[in-house]
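*Asks:* Got a sequence here, can you model it:
(chains A, B, C and D)
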2 protein chains.
Amino acid sequence: MSDSESAVETRPQGRRRLERRMILDAGAAFIDEHGLRQLSMRQLGAQLGVEAMSLYRYVPSREDLLDGIVEVVLDELSDDPDVHRVPTDGWQDYLVRLAHGLRRIALAHPLVFPLVATRPPEAPWIRPPLRSLRWIDSFLAALKGSGFGDEAAVAAYRAFSSFLLGHLLLEVEAMGAEISPVSTSEPSSETSTDLSEYPHVERLQEQLSEDRSAQEFEESLENLLERLATLL
Amino acid sequence: MSDSESAVETRPQGRRRLERRMILDAGAAFIDEHGLRQLSMRQLGAQLGVEAMSLYRYVPSREDLLDGIVEVVLDELSDDPDVHRVPTDGWQDYLVRLAHGLRRIALAHPLVFPLVATRPPEAPWIRPPLRSLRWIDSFLAALKGSGFGDEAAVAAYRAFSSFLLGHLLLEVEAMGAEISPVSTSEPSSETSTDLSEYPHVERLQEQLSEDRSAQEFEESLENLLERLATLL
DNA sequence: GTGATCCGCTTACGGTGTAAATGCGTACCG
DNA sequence: CGGTACGCATTTACACCGTAAGCGGATCAC
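*Replies:* Numbers count the residues shown, from 1 in each chain, chains lettered A, B, ... in the order given. Just a heads-up that it's a prediction; the model follows:
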């Protein structure tokens, strides 16, 4: 019935069929739900209703699987309508949208983001979290086209990466730290260490625990834009 | 004979003896040399001339081993004569010394640092890379004693952590990326991807590959200090 | 000497990544 | 329609992993 509907060879029959893309998606979803530690080839295979070894037809190794998961998650940037590939409203708008898009990804996948941050990049100048050549090129093009020189565009790329990586990694780790204790079995009593030796920490504990991530992010981003403007 | 020399029970006999501290040190050294992936209980035991299970008398699990390694490596801060626990020459000098001390640690242990950056902290407000209560308290005390208010000191702690984490993690990852290909077996030819689709990256490849880490670090640190000064 | 205690070793189990061989369902070709 | 080739999931196998449990010899207090 629907076999001839699509010209390209889709095979929507009831028979089980695997695709690299669905493996990577399932892997990302699995980490989102259970964390990286739990992700094994066998577990992921089970999630897809398949034996572990079947995955190897589409993924050369677990390491490549993880790289692929990072790539897939980061590709959500391209589908984000609020992130523009070209700076239609100036470079500052471009950078703000890009930064917010990446923050959205980090917050949507807090257990995957440490992987984005720490997977060894293919080249030393491919910096997390902006790990794809396409986006790096887009970034450099946007700044070059807005009057930045070569040196300035490269410096901006580095400063932008560093700012985002620090902020987002700390933010997702703080999220994880609040959830991690398996089920908050003993929520109240003596989980807290004795802080009497650290009077400032003790006194400021409440303020330290407040979540100011969003404001901090905006303020630091604002500051970054001002710094970059001086490179023009 | 020498038994009574030291009041605490040191046991310097020739017999093999294990200590938690030497396990952690050996673990850090092992990661420095072979990377985290290679570190297993059996390998680490072998390095110490001991069976794997012996380590469990001093370390409850591999996870705790990793936490301990992070702690030990970070403790080098306390032995660094250029880092002061109290701000004898003003808060800016204090922060600069602290930042440089942490950068020295990161560069001395590039394969351990990602662990420092990503191990889940015990509380959400214990932020890498300054992960110890003692140093957090020292930090807050230094700023409070220099005229910062409570809010400002906490904000400074957050900004400082974020800045350091981003910079240092990117720096050690760039180091690793240059070494990682197992022995640079095919150093010249077609390892490099085709960049013709990414003209800006291609044109700026040389500048992107330059190592400006040191200058960037100093400049960003300088900028951070200026920002923090406005909180006073 | 003699018992207790410490502490490294041995053994064992379930889980992991993955190489290699196996076998089944489908699609093409006559 | 019958055969055959092939694509792909499965099965089997192996070395290695973290670690629970019990063993046994050296060391200590008395």
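
*Asks:* burial measure for the closest residue to residue A:115 other than its chain neighbours, as a count.
*Replies:* Nearest residue to residue A:115, sequence neighbours excluded (Cβ to Cβ, 6 or more residues apart in numbering or on different chains): residue A:70, at 5.5 Å. C-beta here means a position set from N, CA and C on the backbone, and glycine is covered the same way. Residue A:70: 25 surrounding residues under other Cβ atoms under 10 Å in any protein chain shown.

*Asks:* Give me the distance between residue A:70 and chain B.
*Replies:* 13 Å (Cβ to the nearest Cβ, to the nearest Å).

*Asks:* For that residue, pull up the helix or strand it's in.
*Replies:* Here residue A:70 sits within helix A:62-74, counting by DSSP states H and E.

*Asks:* What is the subsequent helix or strand relative to that helix?
*Replies:* Heading C-terminal from helix A:62-74, the first helix or strand you meet, by DSSP H and E, is helix A:90-108.

*Asks:* Next, the buried residues of that next one.
*Replies:* A:91-92, A:94-103, A:105-106 (16 or more other Cβ atoms under 10 Å in any protein chain shown).

*Asks:* for the record, mean pLDDT for the strand or helix carrying residue A:23?
*Replies:* Assigned by DSSP H and E, residue A:23 belongs to helix A:20-34. What helix A:20-34 shows for mean pLDDT is 97.

*Asks:* And stretch A:90-110, by the same measure?
*Replies:* Here stretch A:90-110 scores 98 as its mean pLDDT.

*Asks:* pLDDT of the helix holding residue A:70, averaged?
*Replies:* 98.

*Asks:* Buried ones in that helix, by neighbour count?
*Replies:* A:65-70, A:72-74.

*Asks:* Now chain A against chain B: closest residue?
*Replies:* Ranked by Cβ to the nearest Cβ, the top residue of chain A for proximity to chain B is residue A:166, at 2.7 Å.

*Asks:* how deep is the closest residue to that residue other than its chain neighbours tucked in, by neighbour count?
*Replies:* In space, and not counting its chain neighbours, residue A:166 is closest to residue B:166: 2.7 Å by Cβ to Cβ, 6+ apart. By other Cβ under 10 Å, 26 other residues sit near residue B:166.

*Asks:* pLDDT at residue B:166, what is it?
*Replies:* 98.

*Asks:* Which elements pack onto the helix or strand where it lies?
*Replies:* Taking DSSP H and E as the criterion, the element that holds residue B:166 is helix B:150-179. Applying 3 or more Cβ pairs under 8 Å, 6 or more residues apart in numbering or on different chains; DSSP states H and E, we find helix B:150-179 packed against helix A:113-118, helix A:150-179, helix A:199-209, helix A:213-229, helix B:90-108, helix B:113-118, helix B:133-144, helix B:213-229.

*Asks:* JSON lines for the ones you listed, including distance to DNA strand D?
*Replies:* Formatted as JSON lines, the helices and strands packed on helix B:150-179 follow (distance: least, Cβ to the nearest atom of the strand, whole Å):
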{"stretch": "helix A:113-118", "distance to DNA strand D": "19"}
{"stretch": "helix A:150-179", "distance to DNA strand D": "19"}
{"stretch": "helix A:199-209", "distance to DNA strand D": "30"}
{"stretch": "helix A:213-229", "distance to DNA strand D": "32"}
{"stretch": "helix B:90-108", "distance to DNA strand D": "24"}
{"stretch": "helix B:113-118", "distance to DNA strand D": "14"}
{"stretch": "helix B:133-144", "distance to DNA strand D": "25"}
{"stretch": "helix B:213-229", "distance to DNA strand D": "32"}
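
*Asks:* out of those helices, nearest to DNA strand C?
*Replies:* Nearest of the helices and strands packed on helix B:150-179 to DNA strand C, taken as Cβ to the nearest atom of the strand: helix A:113-118 at 13.9 Å.

*Asks:* tally of neighbours for the closest residue to residue A:227 other than its chain neighbours?
*Replies:* If the residues on either side of it in the chain are set aside, residue A:227 comes closest to residue B:223, at 6.1 Å by Cβ to Cβ, 6+ apart. Residues lying near residue B:223 (other Cβ under 10 Å) number 16.

*Asks:* can I assume residue A:90 is in contact with residue A:143?
*Replies:* No: the pair residue A:90 and residue A:143 does not pass the contact test of Cβ atoms under 8 Å, sitting 10.9 Å apart.

*Asks:* My guess is residue A:94 contacts residue A:144. True?
*Replies:* No: Residue A:94 lies out of contact with residue A:144 (Cβ under 8 Å); the separation is 11.9 Å.

*Asks:* Show me which residues of chain A sit near DNA strand C.
*Replies:* A:11, A:15, A:39-43, A:52-53, A:56, A:61-63 (Cβ under 7 Å from any atom of the strand).

*Asks:* Go back to these and keep what's next to DNA strand D.
*Replies:* Answer for the residues of chain A next to DNA strand C near DNA strand D (Cβ under 7 Å from any atom of the strand): A:52-53.

*Asks:* Out of the residues of chain A next to DNA strand C, the closest to residue B:25 would be?
*Replies:* residue A:63 (28.6 Å; Cβ to Cβ).

*Asks:* got a pLDDT number for the residue nearest to residue A:227?
*Replies:* Residue B:223 carries a pLDDT value of 97.

*Asks:* just checking, it touches residue A:226?
*Replies:* No: checked against Cβ under 8 Å, the pair residue B:223 and residue A:226 is beyond contact range at 9.6 Å.

*Asks:* residues shared between the contacts of these two?
*Replies:* Any residue near both residue B:223 and residue A:226 by Cβ atoms under 8 Å, 6 or more residues apart in numbering or on different chains counts here, and not one turns up.
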